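**Student:** any chance you can model this:
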Amino acid sequence: MATPILDCRDVSKAFGAVRAVDTVSLTVYAGEVLGLVGPNGAGKTTLVDLIGGEQRPDTGTIHAAGRPLTGAPSRRARLNGLARTFQHPQVALDMTVRENMIVGLVARSMGSLGGMLRQLVRGMAGAGDPGLDLEVDRVAAALGLEAIDRSCMELTLGELRLLEVGRALLMKPALMLLDEPFAGSDARGVSGIRSAIAEILKSGCGVILVDHNVDIVASLAHRIALLNLGAKVFDGSPGECLASPEMQSVYFGSDDGQAGGAE
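**Tutor:** Numbers count the residues shown, from 1 in each chain. The predicted structure follows:
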């Protein structure tokens, strides 16, 4: 079989007595959407943080295209082609939509999003580089983002999420980590993010899609991994997952359908 873009083996992370991620193994291949679902506290975001470099695992290994995945998020983005979005969009509100998206282009070659880069981006945007503008315009149009020279302070939450997806897409990643991209989005935002995922897959990129809306995940994913209490309890096709006893137990086996632990 082809080497997976991402290969996690027996990855664990504890916060005190809470095992947020408990010996989880999973793979993602080129052109594949892996849906990551589970109730609140299942460990979904913690696992994404471990892959992205925001957290370090206590045990286990994480490989990208067969290479050990080490270092901070900027290093992972630069050397291993990882890009991600967050539950709460990480956007510079004092910049325009275009300037924020150009950050993705610059990060593709520099791997740093610090203050110096921000000033560089402003200089590049001010210079009106036609190549940069064309690429940003193309991605913005594909996502349905309009009036991209306006301030990000004018954007709705759904538009901020689209912007973050677009910026990540401009990094041309090998693996995209989408953490709750549909949360708070209206129908237009949902449609835009669906279009973004289709655009991502055209390049052969792999996607990990985390969202509370299991129906949306099932409509987009090739496989679904179900987490509960930090452990992976099912991994299979969307249809198999939705019909599985594990899914019924996790979501309907208790009065509130919730599990304790770390999100």
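**Student:** would Ala42 count as being in a helix?
**Tutor:** No: under DSSP: H, G, I helix; E, B strand; the rest coil, Ala42 falls outside any helix and is assigned coil.
**Student:** any idea how far it is from Val18?
**Tutor:** 12 Å (CB to CB, to the nearest Å). Yep, even glycine has a C-beta here, placed from its N, CA and C like the rest.
**Student:** more neighbours, those two?
**Tutor:** For Ala42 and Val18, the more surrounded residue by other CB atoms under 10 Å is Ala42, and the numbers stand at 29 against 16.
**Student:** which residue ranges of the protein form helices?
**Tutor:** 44-52, 73-80, 97-110, 115-127, 130-143, 157-170, 187-202, 214-220, 238-243, 245-252 (DSSP state H).
**Student:** quick one: closest of these to Asp149.
**Tutor:** helix 97-110 (5.5 Å; CB to CB).
**Student:** and the closest one, average pLDDT?
**Tutor:** Mean per-residue pLDDT for helix 97-110: 74.
**Student:** likewise for stretch 253-263?
**Tutor:** 47.
**Student:** what residues of stretch 202-215 count as buried?
**Tutor:** 205-211, 214 (16 or more other CB atoms under 10 Å).
**Student:** export it as PDB, just CAs?
**Tutor:** Presented in PDB, the C-alpha positions along stretch 202-215 are these (Å, rounded to 0.1, in the frame of the first residue of the first chain):
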ATOM      1  CA  LYS A 202      -8.100  18.100  -6.100                       C
ATOM      2  CA  SER A 203      -4.500  18.500  -5.200                       C
ATOM      3  CA  GLY A 204      -4.200  15.100  -3.500                       C
ATOM      4  CA  CYS A 205      -4.200  16.600   0.000                       C
ATOM      5  CA  GLY A 206      -5.500  14.600   2.900                       C
ATOM      6  CA  VAL A 207      -8.000  16.000   5.300                       C
ATOM      7  CA  ILE A 208      -8.800  15.400   9.000                       C
ATOM      8  CA  LEU A 209     -12.300  16.800   9.500                       C
ATOM      9  CA  VAL A 210     -13.500  17.400  13.100                       C
ATOM     10  CA  ASP A 211     -17.100  18.500  13.600                       C
ATOM     11  CA  HIS A 212     -20.000  18.000  16.000                       C
ATOM     12  CA  ASN A 213     -22.400  17.700  13.000                       C
ATOM     13  CA  VAL A 214     -22.000  14.000  12.300                       C
ATOM     14  CA  ASP A 215     -24.300  14.200   9.300                       C
END
